[in-house]
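**Student:** Quick one: sequence plus predicted model below, questions after.
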Amino acid sequence: MAAPDPRWHTLAPVEVPDALSTRESGLSGTEAAARLERYGENRLSDGEKPSVPTIMLRQFRSSLVLVLLVAAAISLAVGERVDALAILLIVALNAILGTAQEWQAEQGMEALRRMLGLRAVVVRDGRESEVDAGVLVPGDIVLLESGRKVPADLALLSSTTLQVDEAPLTGESEPVTKVEGALPEETPLAERENIVFMGTTVVNGRGTGAVVATGMETEFGRIAGLSRRVEEVKTPLTRRLDLLSRRIGEMTLAVAVLVVLIGLLQGREVYELFLTGVSLAVAVIPEGLPAVVTLSLAVGVKALMRRHCLVRHLAASETLGSVTVICTDKTGTLTRNEMAVSMIALPGGERVEMEGRGYDPTATFLVDGEVVGPDAVPGLPAFLRAGAACNHASLSVDEDGKPGILGSPTEGALVVAAARAGIRREELPAIEEEVSFSSARKRMTVAVTEGGGQVAYMKGAPEVVLGHCTLVLAGGRVLPLDERWRRMLQGDLDEAAGGGLRLIATARRSMKAGDDLEEPDFIFLGYAGILDPPREEARDALALCRRAGIDVVVITGDAPATAEAVARSVGLSSTGVLRGAEMDAMDDGALLEKLRETKILARVSAEHKLRVIDLFTREGAVVAMTGDGVNDAPALKKAHVGIAMGVKGTDAAKEASDIVLVDDNFASIVAGVAEGRRETDNIAKFTRYLLSSNIGEVVAITGGLLAGLPLVLLPAQVLWVNLVTDGVTALALGVEPAEKGVMHRRPASPAAGVLPRRAAAGVVLIGAAIGALVLMVFALALGAGEERARTLAFTGLVVFELVNLFNFRSLHAGILETGVFSNPFLIAAAAISLLLQVAAVYAPPLQAAFRTVPLGGADWLLLLLVGLPLLLAGESYKRAVGHGEKKKERR
Ligand code: ATP
């Protein structure tokens, strides 16, 4: 909600706090809480959340329910009240189950949305802290920096070269400069440069602003309110499943028509034929499938969260399971992102080693193994000062009194190094102008006032900084940076990077009035080597990828030699390194060929990432790509699975991603792949299981009709089996633990779909066997009356299904390998299914609904014995297929 005065752009920065009853030191905690109460949360309402009745109504939208309702009406019309009631009861049960499942999935997603919510840095009670952007209120003081998303509408109080991308609001793709200061009242919205709007992204510089509007009262909120609509997101998986059911539906419609024709020729009663038609329709459609899929994906989201992957789209977990290429960053993913300067090389040839770990400010400087004071090395103080001045990080102390840094680890390492020489960041002059660091520019430049004039400081990748230098500070003297110097420095740099150090150089120049910040006449001051130790778990994770047939490509903005050293230290094998500039010189064919051998890409930009995704995708690969910068957003969107860094990622990257990696760790990606594979396997398991059950029902019903027998299964009975007994057991298949070899086999082909041809054959065979057994039981028992025969067929179907359940616990392994009791949910589900069937046979109301008669103990035993061969059939099938595959692999 907005604070009272809407003409914020007409106010000067000094007037803004008063108008909002706030101060530069921010609101107090209690005032913020009171305002939150008054103005509400800072959220865009994303359309109405569906209420329970709406979800319930949705359950009646399917054509099957329509068929059933018509069937119930006709039954009622011809006086078959019990039939009608049974069908209606089951329709209601279906609606309740579906509603419960959808509601639960919805709740899960809501919890996730909250966790993934935008964060903002706010000043309250004079202290900076990062909070969920949802708690921002008018009057809050918010800090902005490059890469951050603007969390509410803000009136600027101060800024340093602040630029924002307003494309989401205005469609304008060029960054817009924002600066504080009063504007005339008639200034149009798009030109209000003293207001930064919610939903835009900071691409350069920094700023401080006071919140003037939150939630739906922001400009973005107003637009969002206009175009609000409920979007139903269909995942590729549900689409594939829809297609599958539609195919089956069409096929069976044909069968049903044929069956009715045959029935008419046989001279059967019309009502009986009608019932048969309805039974068949019900038998064909896997009613429980959509709900089971949604629920299992929702469970998967939780499982992935335990593995530090926050999933932003339901289907991402499944896609993650089928990735064939992972393109990963280096910093933070393969390394720990704990940076410390370990050496400083000055152009005069001095090499200063730094002793002492972490943020210990008492560590010493060594030259040739001797401890020296920082002032004893000419050029060292100048280098350290430049590194600290062109910097946003600061030293901090956490609650336990442990020293640490605030800000980027690379910058923090330089602040710590300077502090060790007594140069403290907070005592240096304030930044007046800035061109922020970005992975694309690989440098950062600032202007400060120092010694009576303006001085520019630059830090960045050494070759980039060198490109802006014409002079060099060597042995305390400023000399021209000629070709000889350049060659020498470059040779040094290559050697230093070979040790895996991340190199960062600094430079300085005095500015004259009217100078551009980045005129190319800087003085080169030297470079630091920053050590970022590799993550130990990355090595195992990489080995696992190799076994799992997943290609890993390291894509980094860092120098080739550094990238290679780090990649090798975690066990990645690659023929050499490819640089971004070399990639540009290659055509697609040559590049693709090169990528077969070369798995390290260095000094690349976001465009290169896009090209790599493109090439791999054309080859039929499923690509996961990590990213953290604003520039990475297009690549994250384009990759099959875009993975944003949770710790060092920008808001823009997170927003464009499918998965946010909580701990930035490569090993978590691989753990996520294993989880995704488990999920994909399980979806295949229960889909096939449910389909085999449906086929069994269709075969029994059609077979009975062709053989001139009475209707084998009533519509209500079939519905009961599909929804209740099968539904329960299918859910249990969804939580099967991962199969032993999940990460020891190649990724499933993305084109294979839920039901590859060979698997389809297996499903049809086992389904036909179930159908034949049901039919046999029915035919043999018919002598003892139709109702008893039907009860036996109905119960037989359930018992056979339960036996068949064990066939689908694993797609590859036999029952001896998986064990009978290794999934307790499955045993419980089987027991529940069985108990429900006992109720259907013995409980009088259900007896009336399903037309069942009580069975004897011997009947149950007999059914079990008849069903057992199904398990043997499944086992031999798996064995035969397994042998076939092994033979193929050997070849
Ligand atoms: P990745 O995360 O993809 O492994 P990276 O993080 O090493 O790559 P970038 O962050 O794009 O790559 O950094 C590229 C280069 O830019 C670094 O090698 C370093 O020299 C320089 N650099 C990094 N951070 C900064 C910074 N804050 N200011 C100036 N230069 C920087």
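**Tutor:** Received it, and whenever you're ready, just let me know what you need. Residues are numbered from 1 along each chain as shown.

**Student:** burial measure for Leu826, as a count.
**Tutor:** For Leu826, the neighbour count with other CB atoms under 10 Å is 21. C-betas here are computed from N, CA, C, even on glycine.

**Student:** Following the record's annotation, map out the domains of the chain.
**Tutor:** For the chain, automatic domain parsing gives the domain ranges 8-47+115-229, 74-91+234-307+686-890, 321-335+535-670, 340-531.

**Student:** Who are the contact partners of the residue nearest to Arg35 when sequence neighbours are not counted?
**Tutor:** Setting aside the residues directly before and after it, Arg35 is nearest to Val137 in space (CB to CB, 6 or more residues apart in numbering), at 3.7 Å. Going by CB atoms under 8 Å, 6 or more residues apart in numbering, Val137 touches 27, 32, 35-36, 38-39, 42, 211, 214.

**Student:** Can I have the buried ones of these as a PyMOL selection?
**Tutor:** Here is the PyMOL command that picks out the buried ones among the contacts of Val137, judged by 16 or more other CB atoms under 10 Å:
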select buried, resi 27+32+35+36+39+42+211+214
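
**Student:** Where does confidence bottom out across the contacts of Val137?
**Tutor:** Ranked by pLDDT, these bottom out at Asn42, which has 89.

**Student:** and it, which of the three is it?
**Tutor:** On the three-state scheme (DSSP: H, G, I helix; E, B strand; the rest coil), Asn42 is labelled coil.

**Student:** Hmm, Ala152 and it touching each other?
**Tutor:** Yes: in this structure Asn42 lies within contact range of Ala152 using CB atoms under 8 Å: 5.6 Å.

**Student:** how close does Gly649 get to Gly147?
**Tutor:** Using CB to CB, to the nearest Å, Gly649 is found at 9 Å from Gly147.

**Student:** Please say which of those two ends up with more neighbours.
**Tutor:** Gly649 (27 against 23).

**Student:** Using the three-state scheme, assign that one.
**Tutor:** Look at Gly649: counting by three-state DSSP, its state is coil.

**Student:** Show the residue spans covered by the strands in the stretch 201-350 of the chain.
**Tutor:** Remark: strands assigned in the stretch 201-350 of the chain by DSSP state E, counting those that start in this stretch are 201-213, 309-311, 325-328, 340-345.

**Student:** wait, which of those is closest to Asn194?
**Tutor:** strand 201-213 (9.0 Å; CB to CB).

**Student:** Point out the other helices and strands that the closest one packs with.
**Tutor:** helix 15-19, strand 141-145, strand 153-165, strand 195-196, strand 433-435 (3 or more CB pairs under 8 Å, 6 or more residues apart in numbering; DSSP states H and E).

**Student:** With respect to the ligand, which of those lies nearest?
**Tutor:** strand 433-435 (10.5 Å; CB to the nearest ligand atom).

**Student:** same for that closest one, what does it pack against?
**Tutor:** Using 3+ CB pairs under 8 Å, 6+ apart, strand 433-435 sits against strand 153-165, strand 201-213, strand 443-450.

**Student:** Dump these to CSV, plus distance to the ligand.
**Tutor:** Below are the helices and strands packed on strand 433-435 laid out as CSV (distance: least, CB to the nearest ligand atom, whole Å):
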stretch, distance to the ligand
strand 153-165, 15
strand 201-213, 13
strand 443-450, 4
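
**Student:** Out of those, flag the one nearest Ala880.
**Tutor:** Judged by CB to CB, the one of the helices and strands packed on strand 433-435 that comes nearest to Ala880 is strand 201-213, at 57.0 Å.

**Student:** roughly how far out does that closest one sit from the chain middle?
**Tutor:** Offset of strand 201-213 from its chain centre (CA atoms, centre = their mean, to the nearest Å): 28 Å.

**Student:** CA-only coordinates of it in CSV, if you can.
**Tutor:** Output in CSV follows, covering the C-alpha atoms of strand 201-213 (Å, rounded to 0.1, in the frame of the first residue of the first chain):
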residue,chain,number,x,y,z
THR,A,201,17.1,-4.7,-11.7
VAL,A,202,20.2,-2.7,-10.7
VAL,A,203,22.8,-3.2,-13.4
ASN,A,204,25.4,-0.7,-12.2
GLY,A,205,26.4,1.3,-9.1
ARG,A,206,24.7,1.6,-5.8
GLY,A,207,22.0,3.6,-4.1
THR,A,208,19.9,4.2,-1.1
GLY,A,209,16.2,4.8,-1.2
ALA,A,210,13.1,5.1,1.0
VAL,A,211,10.2,2.9,0.3
VAL,A,212,7.2,4.9,-0.9
ALA,A,213,4.9,2.1,-2.1
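
**Student:** quick one on the thing from earlier: and among the helices and strands packed on strand 433-435, the most buried is which?
**Tutor:** Neighbour counts (mean count of other CB atoms under 10 Å) averaged over each of the helices and strands packed on strand 433-435 peak at strand 201-213, with a mean of 24.
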